[in-house]
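below is the sequence, then the predicted model.
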Amino acid sequence: MSAPTSPTPQTLLEAVIQTLPVGVVVFDEQGGCTLANAAARALGDRAVHALAAAAGSSREAAHVEAIGDRVVEVRTHPVTEDHGSFTLTTVTDVTRHHRIQRELITKAFIDALTGLPNRTMFEQSIGEVLAGSRPGDRFALAFIDLDNFKHINDYYSHAAGDALLRKMSDRIRATLRPSDLLARIGGDEFVLLLDPVLDRDDALAAVRAISERLKQPFFIDGHEIFASASIGVSLFPDHGDTYEVLARQADNAMYRVKGELKGGVSLFDDAMSQAATARMAVEQRLRLAIRDRCFCCAFQPKVDMRTHAVTGVEVLLRWRDELGMIQAPGDFIALAIELGLINEITLQVLAETVRSMPDIDEVFGPDVTVSLNIAAKQACDVPFMTAFCASLGETGLAERFVLELTEEAFFTAGRFQRDVLPRIRAIGARVSIDDFGVGYSSLSALADITADELKIDRSFITDIDKRPRSQIVLKAIESLGAALGMSVVAEGVETYEEVAYLLGATQIRCAQGYYFARPLLLDQIGQVEPRLSGSRHPSPRSRASELRMPSLLRRA
């Protein structure tokens with residue numbers, strides 16, 4: 001039996017070349033293919049012949065080329081030897097690598113929801129525009145923020161909100177030139193580069209046209225949704241020569257629109273910069289005040305107008321600043337809500353109120369209710385309200401407390417009614433609708449609310465004795481509250497005439513306002529002089545002082 005024949009080196013080399021996963025093609029001096037292994041032939045004859053064009057170079061080279069549905073990397077290696085010259089070409093299939101690379105680039109630079117450039121890509125692009133700018137070049141930067149997007153999400157669903165963002169981006173994009181660039185940089189925030197612009201008026205005209213287009217209805221899932229956007233604009237080089245500065249100025253201008261008339265357009269000016277600086281200063285002071293627990297509580301009685309007895313007190317937030325001055329919440333509460341700081345402040349107010357309960361009982365009596373204000377944004381924050389109710393329940397005093405919420409809290413996709421109200425009921429606290437009549441009042445929604453108290457906004461009480469139409473509305477609200485089993489409180493009572501009307505023309509017993517007492521810190525209450533006592537049923541001719549409480553210390 002003869003031994004197996006060993007392969008020759010040439011045969012072995014050819015076998016190895018044929019089994020390589022990398023395509024190998026050899027071209028002669030005339031560009032003819034003299035060798036193509038199996039991996040190269042798998043790309044097809046047309047691909048092999050197309051590679052001949054790359055074989056004409058006298059130097060090594062490499063490039064990526066699309067062949068059919070594949071992407072290949074082609075490397076050419078010219079070889080010269082005694083018997084002649086030829087070109088060795090290798091072909092590597094990099095289709096998968098190329099796809100992964102493209103996906104990574106897309107994720108890094110493209111917003112997945114809208115297909116627009118994201119913040120990173122936009123900043124790189126505008127950086128290139130700035131680097132290539134020449135004297136006389138002008139462009140505009142616009143920050144676009146969708147108004148009330150949270151309410152749209154809550155009312156229609158998050159899917160509808162996403163569809164709105166897509167349609168909104170398409171509508172803006174349809175108006176742009178090839179040189180302009182739109183990007184999505186946040187949840188409902190977009191930034192737009194208009195390059196070039198002639199002047200201030202040219203930029204504002206373009207942005208206002210976009211603003212008007214966005215106010216046209218969007219049709220989503222069978223709904224006709226109306227939306228708008230607040231837009232702030234800055235100009236290069238008028239308002240800055242770096243992206244950071246231009247972005248800050250456009251953002252300042254956009255917040256000016258948000259604070260005044262949503263859905264408008266505003267061009268940056270120096271006054272906005274000063275306002276932004278002042279706002280930042282307040283923000284820093286506010287954060288320090290939270291850290292150092294510089295908040296205190298003032299108390300304003302709720303009074304039974306017919307007996308002059310104090311039936312409850314409302315806890316009102318005050319800020320004792322670094323100079324020892326007391327600041328009312330109107331100066332900072334909206335900023336605290338916007339910055340997400342209100343939750344910590346509310347927990348501090350609760351702790352301070354609980355510590356003050358012995359003094360409250362001493363001054364006002366052990367049976368008065370204690371009302372705390374909860375912002376609508378907090379009321380629908382289920383995790384916060386869960387923690388808040390747990391903290392209140394642990395005090396053992398929850399049944400003394402009334403949580404005052406504005407109407408907006410009750411009408412946010414049922415979240416408060418469904419997820420929060422049961423927790424409040426479980427600890428025994430009560431609920432009041434604050435500032436009723438000026439917010440989201442809806443008779444159909446009100447029928448589903450199980451609040452205990454309805455506080456009529458002061459706008460209905462001011463000069464009520466002189467306003468016949470307001471008197472009709474007031475009586476309707478009074479009847480509605482009584483029919484739904486809610487006690488009714490008149491807010492903002494400031495004059496004798498208002499009290500006289502409420503006593504003579506309505507069945508409302510409870511009132512609150514400067515006529516009876518201003519909000520006072522506990523250590524100020526004892527300094528108030530007792531007032532003169534009057535008839536329990538005064539006539540309109542009685543002096544103003546005769547209707548006031550005989551003393552702030554009068555108990556229910």
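Here it is on my side, so go on.

only C-alpha atoms from now on, for both contacts and neighbour counts.
Fine.

SS state for the residue nearest the centre of the chain?
Geometric centre of the chain, nearest residue: residue 150, 7.0 Å, by CA atoms, centre = their mean. Here residue 150 is recorded as helix under DSSP: H, G, I helix; E, B strand; the rest coil.

how much space separates it from residue 431?
Using CA to CA, to the nearest Å, residue 150 is found at 24 Å from residue 431.

quick check: next helix or strand after the worst-scoring helix or strand of the chain on mean pLDDT?
Least confident helix or strand of the chain, by mean pLDDT, DSSP states H and E, is helix 443-446 with a mean of 60. Going down the chain from helix 443-446, the next helix or strand is strand 453-456, by DSSP states H and E.

what's the average pLDDT for that next one?
The pLDDT scores in strand 453-456 average 90.

do a quick rundown of the helices in the stretch 451-556 of the chain.
For the stretch 451-556 of the chain, the helices defined by DSSP state H, counting those that start in this stretch cover 458-461, 468-483, 496-505, 522-525.

show residues contacting the second one.
For helix 468-483, the surrounding residues in contact (CA atoms under 8 Å, 6 or more residues apart in numbering) are 454, 456, 460, 464, 465, 487, 488, 506, 507, 508.

now the buried members of these.
Applying 16 or more other CA atoms under 10 Å to the contacts of helix 468-483, the neighbour count classes 454, 456, 460, 464, 465, 487, 488, 508 as buried.

reformat these as CSV; add distance to residue 391.
Shown next, in CSV, are the buried ones among the contacts of helix 468-483 (distance: CA to CA, whole Å):
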residue, distance to residue 391
454, 25
456, 29
460, 35
464, 40
465, 43
487, 26
488, 28
508, 33
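
and the two most separated of those residues?
The span of those, defined through CA to CA, is set by 465 and 487 at 22.0 Å.

residue 159: neighbour count?
Applying other CA atoms under 10 Å, we find 12 residues neighbouring residue 159.

let me fix that: residue 10
For residue 10, the neighbour count with other CA under 10 Å is 9.

and it, what are its phi and psi?
Dihedral angles of residue 10 (phi, psi; degrees, to the nearest 10) stand at phi -70, psi -40.

again, but for residue 139
With angles defined as degrees, to the nearest 10, residue 139 sits at phi -150, psi 170.

surely it and residue 238 touch.
No. Counting by CA atoms under 8 Å, residue 139 sits too far from residue 238 to count as a contact (9.7 Å).

higher neighbour count, the two?
Set residue 139 next to residue 238 and count neighbours by other CA under 10 Å: residue 139 wins out with 22 against 14.

who are the contact partners of that one?
Contacts of residue 139 (CA under 8 Å, 6+ apart): 193, 194, 195, 196, 197, 198, 235, 236, 237.

and residue 60, by the same measure?
Per CA under 8 Å, 6+ apart, neighbours of residue 60: 75, 76, 77, 78.

excluding chain neighbours, what is closest to the last one?
Taking CA to CA, 6 or more residues apart in numbering, and ignoring the residues beside it in sequence, residue 78 has residue 87 as its nearest neighbour in space, at 4.4 Å.

low-confidence stretches in the stretch 251-400 of the chain?
270-277, 331 (pLDDT under 70).
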